[in-house]
Structures are given as structure tokens and as C-alpha cells.
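[1] model the following, please.
(chains A and B)
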Amino acid sequence: MRLINRNPDIVLRTVLVALPFALLLLAYALGSEARLAENPSDKLMPSLSKIGETAQRLLTEPDRRSERILFWHDTGASLIRLLLGVGISAALATILGLLIGLLPYVRATLAGFVAVISMIPPLAVLPILFIVFGLGELSKVVLIVVGILPFLIRDLSARVLEIPREMIVKAETLGASTFVIALRVALPQLLPRLIQAVRLSLGPAWLFLIAAEAIAAEQGLGYRIFLVRRFLAMDVILTYVIWITLLAFLMDLTLRKLSQRLFPWTQATL
Amino acid sequence: MSFVTAENIFLSYGSRPILERVNLTAEEGEFVSIVGASGCGKSTFLRLLLAQETPTKGEIRVAGAPPAREPGLARGVVFQRYSVFPHMTVRENIVAGESLRSRWGRFFGTEARAARARADETLARIGLDHVADQFPATLSGGMQQRLAIGQALAAKPRILLLDEPFGALDPGTRLSMHDFLQELRAETGMTVFMVTHDLEEGFKLGDRVLVFDKPRWDPQDPNLNGATITYDFDARDGGIPFQRIKEDTHVLRPT
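    Presented below is the predicted three-dimensional model:
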């Protein structure tokens, strides 16, 4: 039987899903143990139990100076920036994507412009953002928007253009105005694709958030990681990295489930 | 004046003529089939009737109205595919036939309830009432086309344009769609233009069959000439309209 026709059963599938994670953990544990055996005060690869202890301390014990649990404060600050940035981008991209996709005049004006703008490396304009918008929250949100908005606009306008012409013409013959076509025909078909595009842009959004926080911030997950880097506190860094990964994964999962729940027609088949 | 008139229609893309000297008049209630080889401009002519494209020269008028510049309520259309909205349920698709023309594209309150009731009547008539709450993607091709026709008729157009509506259906479904369309036509007396590849279908359903072809063919430059209507058959009575036996002769004759 050909390899392409062999499928693992449910048990084996579960094992296979878990396998790479287990291997990564094992490799880390072995590496850490080897290093610690040689030098018990090694900081580069703290043992898993050490990371666990640190995580517990970070999650529960308040900071001595500020009396706050910094972990949750960092998480809150970062999430607000991320959600603001992604939310603003998604809203703008939906409107602009519809306009570019539906209206030839807007397409002629903006499509080329967006294509060029999207080639600007967002991190290269980060200094400009800091100068213009200051070091506060605004510049970080703007960096996320600058980073993912052009991609979202290009993707969504392409998706609007993918709507079969027949469907638009059909709506015209039913008397729909441009506004109604946008609202009742194009927008509902765009929304599931918006969620997909947002899922794809979550990775870059986190990248820009952490980059902005690393350079200038007073709190935030990226800020903390780059702060404790100076003390080589790998246990703290790893806790934060795992936490960020988990957050990003959960967001992705939530969006996917949300899309399935909100748009049942996307899965409808004969 | 005739219900639909096309006067001396020319259409070219750039310097390449597609249609030339097309003249057509059709009466209200006529069913006109349009046949021809691929690329002979029959679908293009349908797009001109639909006002999705405007002719380079000439005018098409429907019911005496000035030539349309874009598709509108006077013309209903069903394409081979993509003629229903995938994000609306079957019932919503029928309601959309009436509601899309309103300012927000949807009905509210009592108006919405009345429209839903009318949609349910339409669905019962076209035999889709049992799937009213499903999405079109769960329907078979024939049911989707029935829905598309029902949706187009819900908007009460003056003429109905069909662009190979049954092209993607299997032969059995196609036959039942023919019955469906003939019943619907007997009920509504619609004026219909149907582009088809299938000659038999064209003659079976149509009162007239128009053949699109290129009258002149330049061997050096096949694209030099456009197509026009080369034949206009009377397709009533199975294509033999003038051999109708008027007396009751008590002789066996084909039914």
C-alpha cells in the first residue's frame, strides 16, 4: 500500500500529535541536566522544575516594590495593545477592502498605493512612530496597525474581487444599490475570510508588539522579556515565551471556532 | 412596437468585432432560445440584453423603456452557476428577490414576516419548501437552479434571461427542469431568452430558436468578422408550425 494512502488510527494519531512536543521537552530536559551536571549554577538552561517554580512565583507573588503581580499586568497591557491594533486594522481593512474590491474608482486610486506601502518594512518606521506618536501606548498600537493593515487590505480586497461577477450581477438585477451589494452580498461573504486573514496576521502582530515593547515600554510581555534578559533570567524568559505562545494559540483557536459558529454556510455541503 | 427590440447592434472588443448587424424583435410572452457554436457571441448577446455590457452601436429596448446602462429590475437572470447567494438560507434567498431593492437590502417587522410568508408560498410552488432553512450549498444542482429561477421571478422582472441554466445538470434532472420551466411559464407568461448549447432543448422549450454564427469567414483572419443571427426558426409545434392540421380528420397523427 502506498504511503499516501496510509492513515493512522485515532490512538496513533493522538500519539503522533503529542510526539514532537514530548521530544522537544525531552531534548530540553536532557540538555539542561547535562549542563547542570557540569555547572550547577548554569543559567542558560534551567531545569524544568526550576521553570515551574519560577512560573508559580511569577503568577502568584506580587512585586515587592509595586505590590502588583507583574505577570498579569504585563499580560493585560500587551493584550490591550494587541487587540486594539488588530481590531483597528481589521475594521479599517474590511472597509477599505470592500471599497477597493467593489468600486473601480477606489481600486484605481488605492490598489497600487497599498501595494507599494505594504512593502515598507514596519520596523524601519518604528523610530518615526516613536518620534511622532511618543513612547506611549499609541505608538505601539500604530506599529501593529502599520505592520498588518496593508496585508489585510490586500488580502481582503482580493477576496472581494474573487466574488463571482455573476453573483454581483444577480444582485443588480434584483435591484440592489451599490451600498446594498456591499452590505448584503459582499460583506457577509467577506467576514469569514476576514477572520482567516486576522488569524494569519496574528503572528506578525505579536512580532510587532514585542518589538515595540522591547524598545520602549514600562510594562508588557515583550518589555519584561527584554528586561530580564540583562540578568540572564532564562527561567523568566521561558515562562513568558510559553505564556505568549499559549495566548497566541488560544486566540487562533478561538477565531477558528468563532468562524465556524458564526458562518455555518461556509461548511455547508451536499 | 415590439416588447423587446434590438436595432442594428454592433459590438467590438477593441478592433475585434464580436457581433455585427444584429436585429431582433420579440413579443411579450415569447420564449426565445439562442443557440450557436462556442465563441459565436450568443452569451455576449445575452449580456447585452442584460445591459451588463453596452453595444458599440445600436440600441436594445425592453418594453419601450430607454436603453438600460446597467442591469436592473426589468431583467431577471439565471446563470449556469453562482446565481444564488451562498450565505443566505434558501428562504432568505427568495426574500432577497424582493428585499435587495430596499434601502438597507432587508425587511423589518411586519414587512419581513409578510415577505417570509410569500417566500414560503414560492418555495412550495417550486418544490423547495422542505429545505427552506438550509444553505444552497446543501442542495443538488437542479434544486439550486430552481431556487435561482424562483429568486429571479420573486423580483418580478419584465424579461427573464437564462445563460445555459441547465448546462451543469445531469440529463434526468435537466428533463425535470424543462417541465418545471414550462409549468412556470404557463403560469406567468414570462418573456424568456435562453442561451443553450443543446439544440434539442432549444427547440423543445422555445417558441423561436435564434442561431448565432458568422455569416462571412475570412480564411486569413478568422476574427475579422463578427457573428449575427443567421437563422430564426419558428419552433412552435416541434418546429413545423405551418403544417398544422386544422380540421379534425380522425386520422392518427403524432402528438
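[2] tell me the contacts of the residue of the stretch 1-150 of chain B found nearest chain A?
    Here the stretch 1-150 of chain B gets closest to chain A at one residue, B:Arg101, 3.0 Å apart by Cβ to the nearest Cβ. The way it works is simple: take the backbone N, C-alpha and C, and place the C-beta from them, glycine included. Each residue near B:Arg101 by Cβ atoms under 8 Å, 6 or more residues apart in numbering or on different chains is listed here: A:Leu174, A:Gly175, A:Ala176, A:Val180, B:Leu73, B:Ala155.
[3] identify those among the residues you listed that sit within helices.
    A:Val180 (DSSP state H).
[4] could you dump the contacts of B:Arg101 into TSV with distance to B:Gly41 added?
    Formatted as TSV, those follow (distance: Cβ to Cβ, whole Å):
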residue	distance to B:Gly41
A:Leu174	26
A:Gly175	28
A:Ala176	28
A:Val180	32
B:Leu73	26
B:Ala155	27
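[5] check for me that A:Ala212 belongs to a strand.
    No - applying DSSP: H, G, I helix; E, B strand; the rest coil, one finds A:Ala212 to be helix, outside a strand.
[6] hmm, back to that, out of the contacts of B:Arg101, which is most surrounded?
    A:Leu174 (29 neighbours; other Cβ atoms under 10 Å in any protein chain shown).
[7] which residue packs closest to that one, ignoring adjacent ones?
    With Cβ to Cβ, 6 or more residues apart in numbering or on different chains as the criterion, A:Leu174 has its nearest non-adjacent residue at 4.3 Å, and that residue is B:Leu100.
[8] any idea of the pLDDT on the one you found?
    Each residue has a pLDDT score; the one for B:Leu100 is 90.
[9] may I have the phi/psi pair for it?
    The phi/psi pair for B:Leu100 (degrees, to the nearest 10) reads phi -60, psi -20.
[10] A:Leu247 and A:Asp74 touch, don't they?
    No - using Cβ atoms under 8 Å, A:Leu247 makes no contact with A:Asp74, being 11.3 Å away.
[11] got the residues of chain A near chain B?
    A:164, A:166-167, A:169-177, A:179-180, A:183-185, A:188-189, A:263-265, A:268-270 (Cβ under 8 Å from any Cβ of the partner chain).
[12] go with 7 Å
    A:164, A:166-167, A:169-176, A:180, A:183-185, A:188-189, A:265, A:268-270 (Cβ under 7 Å from any Cβ of the partner chain).
[13] so how do I select the buried members of those residues in PyMOL?
    Applying 16 or more other Cβ atoms under 10 Å in any protein chain shown to the residues of chain A next to chain B leaves a buried subset, and the PyMOL line that selects it is:
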select buried, chain A and resi 166+167+169+170+171+172+173+174+175+176+180+183+184+185+189+265+268
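[14] looking at the residues of chain A next to chain B, which are in strands?
    With strands taken from DSSP state E, there is no overlap with the residues of chain A next to chain B.
[15] contacts (any at all) between chain A and stretch B:138-149?
    Yes - applying Cβ under 7 Å from any Cβ, one finds stretch B:138-149 touching chain A at B:Thr138, B:Ser140.
[16] same question for that stretch, mean pLDDT?
    Mean predicted confidence for stretch B:138-149 is 89.
[17] who touches that stretch?
    A:268-270, B:78, B:83-84, B:90, B:93, B:126-128, B:131, B:136, B:165-166, B:168-169, B:173, B:176-177, B:180 (Cβ atoms under 7 Å, 6 or more residues apart in numbering or on different chains).
[18] B:Asp234 bridge partners, please.
    Listed beta-bridge partners, B:Asp234: B:Arg208 (assigned using DSSP bridges).
[19] sec struct for the most centrally placed residue in chain A, please.
    Nearest to the mean C-alpha position of chain A, by Cα atoms, centre = their mean, lies A:Leu202 at 1.6 Å. Taking three-state DSSP as the rule, one finds A:Leu202 in the helix state.
[20] which SSE is A:Ala77 in?
    A:Ala77 belongs to helix A:70-102 when assigned by DSSP states H and E.
[21] helix A:70-102 and the following helix or strand past that helix, what's the angle between them?
    Using DSSP H and E, the helix or strand that follows helix A:70-102 in sequence is helix A:104-117. Interaxial angle, helix A:104-117 versus helix A:70-102 (axes from the mean of the first three to the mean of the last three Cα atoms, to 10 degrees): 140 degrees.
[22] tell me the contacts of the closest residue to A:Arg81 other than its chain neighbours?
    Leaving aside its sequence neighbours, A:Arg81 sits nearest to A:Lys140 (Cβ to Cβ, 6+ apart; 4.9 Å). A:Lys140 sits next to A:Arg81, A:Leu209, A:Ala212, A:Glu213 when contact means Cβ under 7 Å, 6+ apart.
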